[in-house]
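1. okay, sequence plus prediction incoming.
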Amino acid sequence: NATTPPNFIKNIITEDLESGKTKQVVTRFPPEPNGYLHIGHARAIWINFSLADEFGGRTHLRLDDTNPTKEDVEYVNAIKEDVKWLGYDWENLYFASDYFEEMYIRAERLIEKGKAYVDDLSAAEIREMRGTLTEPGSNSPFRDRGVQENLDLFRKMRSGDFKDGEKVLRAKIDMASPNINLRDPVIYRIAHVSHHNTGDKWCIYPMYAFAHPLEDAIEGVTHSLCSLEFEDQRPFYDWVVAECEMPNTPRQYEFGRLNLVQTITSKRKLKLLVDEQHVDGWDDPRMPTISGLRRRGFTPEAIRNFIYETGISRSQGLVELQMLEHFVREDLKLKAPRTMAVVDPLKVVITNYPEGEIEWLEAENNSENPEMGNRQIPFSREIYIEQEDFMENPPNKYFRLFPGNEVRLKHAYFIKCNEVIKDEDGKVIEIRCTYDPETKSGSGFTGRKVKGTIHWVEASQAVAAEFRLYEPLINPEALEETLLGEDEAGEAADKPEKTFLDQLNPNSLTVKQGYVEPEMKEAKPQDKFQFFRHGYFNVDTKYSRPGSPVFNQIVSLKSSFQL
Ligand code: ATP
Ligand code: MG
Ligand code: MG
């Protein structure tokens with residue numbers, strides 16, 4: 001989907017091009033490299049790349065790396081990989097940190113114009129004096145320092161004369177503004193920390209709200225598209241571009257965040273799950289990160305189609321998980337080979353089948369896509385079936401195997417259960433059946449009918465496999481607010497809300513040991529299959545080994561979801 005459905009941003013761009021205000025559309029996707037991208041970011045990526053593309057414009061990938069305490073090259077590399085994997089190509093790759101010198105020069109210009117001052121108040125004092133929505137803030141006692149004093153102090157901040165937190169540079173706007181973001185926001189802080197890109201060159205770093213508009217303006221971004229929590233920042237964004245006398249005037253427009261039921265879309269919370277080892281890294285198949293979805297088996301096509309369907313609007317409703325699952329089923333339906341896997345094995349001995357003999361049966365690879373051809377599968381005296389496909393004392397309407405009943409083995413024969421073998425505890429460990437050679441699949445047998453068809457794997461050639469079955473990481477009762485990303489103020493305060501950890505689903509991962517068909521020996525990481533009745537599975541990139549595959553369940557087969 002290189003295009004977007006009708007939306008308000010498209011209308012704005014169309015007008016800007018018609019009026020001549022915009023010559024060429026330039027957008028950017030500006031993640032901070034302080035974590036891995038998640039499904040919410042896929043919306044921002046799609047919006048920025050598709051809107052520019054539709055109008056013959058270009059999109060930059062910009063690493064917004066102005067806060068070295070949280071950032072790392074590991075994240076830079078993961079972000080690049082994920083954007084590429086989703087199918088987007090950036091025109092230019094930029095680092096905000098490459099603009100530190102220019103930002104510094106602009107900050108000095110603000111000081112010279114009397115629009116910025118060095119403040120000695122502590123972070124706590126600044127927060128206290130900021131006022132509230134109903135109360136104006138109060139001026140810092142350092143607000144009226146002269147231009148030369150401010151310049152000297154700011155230069156000393158840069159050269160490392162002060163400790164972290166000792167001084168900040170603030171924009172001088174209006175402590176009584178109804179928009180709290182305009183109450184003399186901090187624009188530079190001291191942090192004696194190495195930066196992944198600039199090393200130890202700097203010990204002062206620009207704040208996000210000051211840096212971002214400058215980055216956009218420096219790159220000639222025309223439409224700066226971001227999620228709704230930045231709406232209140234827009235007046236300051238415009239103030240920075242104007243007062244710093246930037247040659248380009250980017251405009252910020254906000255769209256609604258993508259929020260999914262039972263899904264964490266906050267990088268800081270996802271990081272906490274990783275750091276506290278509630279999950280197996282950022283790419284744990286339960287994680288809503290792009291890398292987690294990839295390892296789980298979701299495809300870029302499915303994610304893109306899903307994102308497209310959620311559209312571009314300013315509302316931030318919750319989207320059902322079933323909608324994402326619907327699109328991966330749609331994508332894999334005709335692509336994934338359909339084979340048989342037994343997740344909870346029960347041995348079946350076919351007593352009238354000759355011992356030591358194997359025959360090869362023809363099986364289609366995808367009943368809905370004949371182009372995928374056929375394969376040969378072995379059949380012999382011993383097979384595995386699913387434990388749930390046998391019941392000793394079945395209820396009414398149970399059409400699978402039980403003593404005295406006959407069922408069809410998919411791609412093979414009818415078998416009838418005659419005997420049940422149990423261990424000392426009374427657990428069924430084997431069943432004995434007979435088969436009817438007349439009923440071979442594809443032979444046109446019509447002599448009698450059976451109501452149930454079950455899947456199976458021949459025992460001597462079966463490949464032992466691990467199956468990993470998933471549920472959402474979060475309980476269904478969890479309050480959505482506790483899962484979502486917070487505003488930038490919350491991020492700056494650096495207090496990850498831990499309450500969501502009480503809402504972790506203890507059943508999010510179930511590991512099973514079973515069997516798959518012999519040719520699965522060749523299965524490679526990221527190969528995808530539909531296992532009869534179990535749904536779609538992906539070969540795990542981390543734990544799978546040649547000859548002993550590990551499969552992640554992407555999604556089950558059934559769904560009541562309707563678009
Ligand atoms: P989080 O809030 O999850 O920690 P973030 O907003 O801090 O993430 P950034 O790296 O700053 O992450 O985000 C890059 C871009 O992605 C921003 O423009 C932001 O608006 C957008 N974005 C982040 N989360 C979502 C979401 N859930 N839906 C849509 N866009 C999002
Ligand atoms: Mg951020
Ligand atoms: Mg955020």
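-> Now that the structure is in, tell me what you want to look at. None of these values were measured; they are calculated from a predicted model. Ligands and ions are numbered 1, 2, ... in the order given.
2. residue 538: neighbour count?
-> Other residues lying near residue 538 total 28 when counted by other CB atoms under 10 Å. Every residue, glycine included, has its C-beta placed from N, CA and C.
3. okay, now the sheet partners of the one helix or strand it maps to, with direction.
-> Using DSSP states H and E, residue 538 falls within strand 535-539. If you go by DSSP bridges, strand 535-539 pairs up with strand 528-531 (antiparallel), strand 550-555 (antiparallel).
4. can I get the CA coordinates of that strand in CSV?
-> Extracted in CSV, the C-alpha atoms of strand 535-539 (Å, rounded to 0.1, in the frame of the first residue of the first chain):
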residue,chain,number,x,y,z
GLY,A,535,-3.1,-22.8,12.7
TYR,A,536,-0.1,-21.0,11.3
PHE,A,537,3.4,-21.5,12.6
ASN,A,538,6.8,-20.0,12.0
VAL,A,539,10.2,-21.6,12.5
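5. return the distance of that strand from the chain's centre.
-> 18 Å (CA atoms, centre = their mean, to the nearest Å).
6. need the contact partners of that strand.
-> 295-297, 328-329, 332, 336, 341, 467, 523-531, 549-557 (CB atoms under 8 Å, 6 or more residues apart in numbering).
7. please repeat the previous calculation with a cut-off of 7 Å.
-> Residues outside strand 535-539 that contact it (CB atoms under 7 Å, 6 or more residues apart in numbering): 296-297, 328-329, 332, 336, 523-531, 549, 551-557.
8. now, of these, which are buried?
-> Buried subset of the contacts of strand 535-539 (neighbour count, 16 or more other CB atoms under 10 Å): 296-297, 328-329, 332, 336, 523, 527-531, 549, 551-555.
9. what's the closest non-adjacent residue to residue 160?
-> residue 203 (5.0 Å; CB to CB, 6 or more residues apart in numbering).
10. burial count for that neighbour?
-> Residue 203: 21 neighbours (other CB under 10 Å).
11. residue contacts, it?
-> Contact analysis of residue 203 by CB under 7 Å, 6+ apart lists 160, 190, 191, 192.
12. tell me which two of the residues you listed sit farthest apart.
-> Taking CB to CB as the measure, the contacts of residue 203 span a maximum distance of 11.1 Å, between 160 and 191.
13. quick one: which of these two has more around it?
-> The residue with more neighbours, out of residue 160 and residue 191, is residue 191; 16 against 13, by other CB under 10 Å.
14. enumerate every residue touching the more buried one.
-> Applying CB under 7 Å, 6+ apart, we find residue 191 in contact with 68, 69, 164, 203, 205.
15. ok, 8 Å please
-> Residue 191 sits next to 68, 69, 164, 203, 204, 205 when contact means CB under 8 Å, 6+ apart.
16. just residue 519 next, same as before
-> Residues in contact with residue 519 (CB under 8 Å, 6+ apart) are 339, 375.
17. where does it fall, phi/psi-wise?
-> phi -70, psi -10 (degrees, to the nearest 10).
18. ok, it to residue 475 distance?
-> Note on residue 519: its distance to residue 475, by CB to CB, to the nearest Å, is 39 Å.
19. helices or strands next to whichever strand or helix holds residue 309 in the packing?
-> Assigned by DSSP H and E, residue 309 belongs to helix 300-310. Applying 3 or more CB pairs under 8 Å, 6 or more residues apart in numbering; DSSP states H and E, we find helix 300-310 packed against helix 39-54, helix 73-86, helix 321-332.
20. is ligand 1 within reach of it?
-> No: using CB under 6 Å from any ligand atom, helix 300-310 stays clear of ligand 1, coming no nearer than 9.5 Å.
21. mind listing what the nearest residue to residue 325 once chain neighbours are set aside touches?
-> Ranked by CB to CB, 6+ apart and with sequence neighbours excluded, the top spatial neighbour of residue 325 is residue 555, at 4.4 Å. Contacts of residue 555 were listed using CB under 8 Å, 6+ apart, and they are 325, 328, 329, 535, 536.
22. okay if I get those residues as CSV plus pLDDT?
-> As requested, the contacts of residue 555 are exported to CSV (pLDDT from 0 to 100):
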residue, pLDDT
325, 96
328, 98
329, 97
535, 97
536, 98
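23. nearest to residue 345 among the residues you listed?
-> residue 535 (17.8 Å).
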